[in-house]
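Undergrad: dropping the sequence and predicted coords here.
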Amino acid sequence: MNNILKTKHIVFIAIGMLSLILLFMFGGPVYRVWQQEMRGRAQFAEAEQNRRIKIEEAKANLEAEKLNAQAEVERAKGAAEAIKIENGTLSDRYIQYLWVRNQNNLNDRTIVYVPTETNLPILEAGRMTNFKKE
């Protein structure tokens, strides 16, 4: 009786081992295919999300550019009104005013002011470098 129980245990263990081996032989490749499919789906979802983000960024940039263009139009309207106030001509004083107002944009340049009789900067000094020496 003892031998029969031992044999049953050995057969049961052998069948269990054989089942595990078969499970790993056939289940392993199936699992790898499933894992690759899940990885592919995750990469696709990530690419789709990145595409949506880029589209939203492009929309935001487009909206910002439209608003900047509207601001430029309003500035141009203001300049046109200022010119109308100046009797439709650009006077030297107005050009000098615009030049002084735009000095905030010249961060990396050095401006040297030369005192004049009217205490306004000389704007034509740059033209002197364009003359050819004869």
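TA: The structure has been received and is ready for your questions.
Undergrad: any idea of the mean pLDDT in stretch 96-116?
TA: Stretch 96-116 shows an average pLDDT of 72 in the prediction.
Undergrad: any stretches of the chain with poor pLDDT?
TA: Along the chain, segments meeting pLDDT under 70 span 1, 86-91, 107-113, 119-134.
Undergrad: now residue 22: how far from residue 16?
TA: From residue 22 across to residue 16, the span is 11 Å (CB to CB, to the nearest Å). Backbone N, C-alpha and C define where each C-beta goes, glycine included.
Undergrad: residue contacts, the residue nearest the centre of the chain?
TA: With distances taken as CA atoms, centre = their mean, the residue of the chain nearest its centroid is residue 57 (7.0 Å). By CB atoms under 8 Å, 6 or more residues apart in numbering, the contact set of residue 57 is empty.
Undergrad: for residue 51, see how far away it is.
TA: Counting by CB to CB, the separation of residue 57 from residue 51 is 11 Å.
Undergrad: how about residue 81?
TA: Distance from residue 81 to residue 51, by CB to CB: 45 Å.
Undergrad: same check on residue 58?
TA: For residue 58 relative to residue 51 (CB to CB), the value is 11 Å.
Undergrad: residue 100: neighbouring residues, count only.
TA: Residue 100 sits with 14 neighbouring residues when counted by other CB atoms under 10 Å.
Undergrad: same thing with the one 5 residues further on?
TA: The burial count assigned to residue 105 is 7, neighbours taken as other CB under 10 Å.
Undergrad: just residue 97 next, same as before
TA: By other CB under 10 Å, the residues close to residue 97 number 13.
Undergrad: distance from the chain centre to the helix or strand harbouring it, please.
TA: Taking DSSP states H and E as the definition, residue 97 sits inside helix 92-101. Distance of helix 92-101 from the chain centroid (CA atoms, centre = their mean, to the nearest Å) equals 36 Å.
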